[in-house]
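**Student:** Take this sequence and fold it.
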Amino acid sequence: MGAKLKVAGWVALGAVAGALTTMQLQAIARSSFAPLPLEEMQQLASVFDHVKKEYVEPVDEKKLINDAIGGMVAGLDPHSQFFDKKSFKEFREGTSGKFVGVGIEIGMEDGLVKVVSPIEGSPAFRAGLKSGDLITKIDDTFVKGLTLDQAVKKMRGEPSTKVVLTIFRKAESRSFPVTITREEIKVQSVRAKMVEPGYAWVRVSQFQDRTVEDFVRKVEELYKQDPSIKGFVLDLRNDPGGLLEGAVAISAAFLPRDAVVVSTNGQIAESKATFMARPDDYLRRGGSDPLRKLPEALKNVPLVVLVNEGSASASEIVAGALQDHKRAVVMGAQTFGKGSVQTVKQLSPDTALKITTARYYTPSGKSIQARGIVPDVMLDETAEGNVFAALRPREADLEKHIGNDKAPEAKDPAREKAREEALKRLEEEQAKSKQPPKPLPEFGSTEDFQLQQALNRLKGKPVLVSKSAVERPVESAKAN
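**Tutor:** Sure, this is the predicted structure:
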């Protein structure tokens, strides 16, 4: 059990939004270092010396060393990473679900930042920002031309500092500035509502520190609204993953006790483990079991899991476990295919190493790596078909990705061709209409086509199955 407790500090990482893991703080004894290749180390020292002495302008020695470490780790696979002081701080904010900012969920529209929803109780919420508001300027910087990530960084900062957002509100046809004081924000990774009488929808957008507690609270509220829920939709679309323990716990909420959720395997002993639907395998710091508050009916309620190409890692673990145990019908699109586990080792108070240490497998022994979860029912994004699906990158598209060790097959050249054709179509349509593609409806809204199909399935009504989507082949285990 000792080995498993160590592994329980690991995280199966989401890929599109970047990696999120649990820190595993370990002091590495010098005696544990493997023998170093002397000739190559001498070359490294020689290059360092030449750069330091002969480069066109002075260079910072620490930056050189950090860059060398970063390059070494980045050459392994897309998910291994060296964290310097700045990136380590951002990483810890991601896993904790806390950050300092204004408190809005955002997207992009017409090159501007769109407020999807202000987080309840946040500074933005108190300042009166509304869903649909467009942010045109952040302080003195125009948003047009910024990436979403760049805009996010400009809105974040230190606690108690101020940021001025210029808002354009379509409904009122006016622009106005709003001064907001930044503070620590607690991200809500779980949303839920009764979409129709008798039918509940719960969306998990990421597996963070408080996801399980938030999930339990939301489900309790749903059952208070309707103690006789007839159908349940678990929405994992665009969920990039996160904490492994969270994935095990959410799976355990629907599965019988002691059902296998996921297994891991790698080079070191601690990487070989099986996680089951029981508190010992998902409680990270001891304490009481949060799932004990859930109604027993949740174990048997008819269940649909929604996934898409953006569902990765921890969300694939949940979908795979519920699918293998035939506990749920998985609907949507073939998932991202990130079937590897990363461990984070702190190297100093401000730096850390995140390194891939294992692959993970569904209860039936399938590897998700570079393949993903294939839905039981394939769905298009909209009633008109897929708009963005072919453009979304997957694990198999990433440079240096690890291959699938369970089902080695040849790479499918049609994948890249399909992406190129989809991009060309979008560009042609945009040139004709002179308008950007219409964004997909918000998940959970009445216009959400895939959610409506999930409800039809739960009600026993006809489902509009995709006529074009087919399973994509896996990549060879030798492809690195």
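
**Student:** backbone phi and psi for residue 371, please?
**Tutor:** Backbone torsions of residue 371, given as degrees, to the nearest 10, read phi -130, psi -50.

**Student:** now swap in residue 373 and tell me
**Tutor:** phi -90, psi 130.

**Student:** what about it, how many residues close to it?
**Tutor:** Counted with other CB atoms under 10 Å, residues neighbouring residue 373 total 29. Every residue, glycine included, has its C-beta placed from N, CA and C.

**Student:** Ok, residue 259 next?
**Tutor:** 18.

**Student:** Apart from its chain neighbours, what residue comes closest to it?
**Tutor:** residue 277 (4.5 Å; CB to CB, 6 or more residues apart in numbering).

**Student:** other SSEs contacting the biggest strand by length in the chain?
**Tutor:** Identified as the longest strand of the chain according to DSSP state E is strand 352-361. The contact analysis (3 or more CB pairs under 8 Å, 6 or more residues apart in numbering; DSSP states H and E) places strand 352-361 against helix 61-74, strand 81-83, helix 85-96, strand 260-265, strand 340-346.

**Student:** Buried residues of that strand, list them for me.
**Tutor:** 352, 353, 354, 355, 356, 357, 358, 359, 360, 361 (16 or more other CB atoms under 10 Å).

**Student:** Was I right to think the fifth one contacts residue 76?
**Tutor:** Translated: residue 356. Yes - between residue 356 and residue 76 a contact is recorded at 6.7 Å, counting by CB atoms under 8 Å.

**Student:** Report the buried residues of the strand or helix carrying residue 153.
**Tutor:** Per DSSP states H and E, residue 153 falls inside helix 148-155. Buried positions in helix 148-155, judged by neighbour count with 16+ other CB under 10 Å: 151, 152, 154, 155.

**Student:** Quick check: closest non-adjacent residue to the third one.
**Tutor:** Yep, that's residue 154 we're talking about. Nearest to residue 154 is residue 138, by CB to CB, 6+ apart, at 4.5 Å.

**Student:** And the pLDDT for the one you found?
**Tutor:** What the model reports as pLDDT for residue 138 is 96.

**Student:** The one 4 residues further on too?
**Tutor:** Per-residue confidence for residue 142 comes out at a pLDDT of 94.

**Student:** SS state for the closest residue to it other than its chain neighbours?
**Tutor:** Once flanking residues are discounted, residue 142 sits nearest to residue 136: 6.9 Å by CB to CB, 6+ apart. With DSSP: H, G, I helix; E, B strand; the rest coil as the basis, residue 136 sits in strand.

**Student:** could you measure residue 136 against residue 154, distance?
**Tutor:** Residue 136 sits 13 Å away from residue 154, going by CB to CB, to the nearest Å.

**Student:** Check residue 145 too.
**Tutor:** 12 Å.

**Student:** any shared contact partners between these two?
**Tutor:** Residues touching both residue 145 and residue 154 (CB atoms under 8 Å, 6 or more residues apart in numbering): there are none.

**Student:** And the helices in this protein, which stretches?
**Tutor:** 2-7, 38-54, 61-74, 85-96, 123-126, 148-155, 211-225, 244-254, 314-324, 414-433, 449-459 (DSSP state H).

**Student:** ok so, going back, how far off centre is the longest strand of the chain?
**Tutor:** 16 Å (CA atoms, centre = their mean, to the nearest Å).

**Student:** average pLDDT across that strand?
**Tutor:** So the average pLDDT for strand 352-361 ends up being 93.

**Student:** Quickly list the domain ranges of this protein.
**Tutor:** Listed by automatic domain parsing, the domain ranges of the chain are 99-186, 190-459.

**Student:** How far away from the center of its chain is the shortest one?
**Tutor:** Translated: domain 99-186. 22 Å.

**Student:** That domain: end-to-end distance?
**Tutor:** 7 Å (CA to CA, to the nearest Å).

**Student:** so how far is the first residue of stretch 266-277 from its last?
**Tutor:** 22 Å.

**Student:** how about it: buried residues?
**Tutor:** Of the residues in stretch 266-277, those buried (16+ other CB under 10 Å) are 266, 270, 271, 273, 275, 276, 277.

**Student:** Put together TSV for those residues, with pLDDT on each row.
**Tutor:** Formatted as TSV, those follow (pLDDT from 0 to 100):
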residue	pLDDT
266	92
270	89
271	91
273	95
275	97
276	98
277	98
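
**Student:** Distance to residue 290 for those - can I get that in CSV?
**Tutor:** Shown next, in CSV, are those (distance: CB to CB, whole Å):
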residue, distance to residue 290
266, 29
270, 26
271, 27
273, 22
275, 17
276, 17
277, 14
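
**Student:** what residues are up against residue 378?
**Tutor:** Residue 378 sits in contact with 331, 332, 333, 334, 465, 466, 469, 470, where contact means CB under 8 Å, 6+ apart.

**Student:** switch to 7 Å and redo it
**Tutor:** 333, 465, 466, 469 (CB atoms under 7 Å, 6 or more residues apart in numbering).

**Student:** how far away is it from residue 452?
**Tutor:** 15 Å.

**Student:** How many residues are close by residue 126?
**Tutor:** By other CB under 10 Å, neighbour count at residue 126 equals 13.

**Student:** pLDDT score for it?
**Tutor:** For residue 126, pLDDT reads 92.

**Student:** The one 5 residues further on now?
**Tutor:** The confidence metric pLDDT takes the value 80 at residue 131.

**Student:** Excluding chain neighbours, give the residue nearest to it in space.
**Tutor:** residue 117 (5.3 Å).

**Student:** isn't residue 253 right next to residue 294, touching?
**Tutor:** Yes - with contacts counted by CB atoms under 7 Å, residue 253 reaches residue 294, the gap being 5.8 Å.

**Student:** could you list every residue that touches residue 316?
**Tutor:** 335, 336, 338, 368, 372, 373.

**Student:** For burial, what's the neighbour tally of the third one?
**Tutor:** Summarising burial for residue 338: neighbours were counted as other CB under 10 Å, giving 34.

**Student:** wouldn't it be in contact with residue 313 here?
**Tutor:** Yes - Residue 338 is in contact with residue 313 according to CB under 7 Å; the separation is 4.5 Å.
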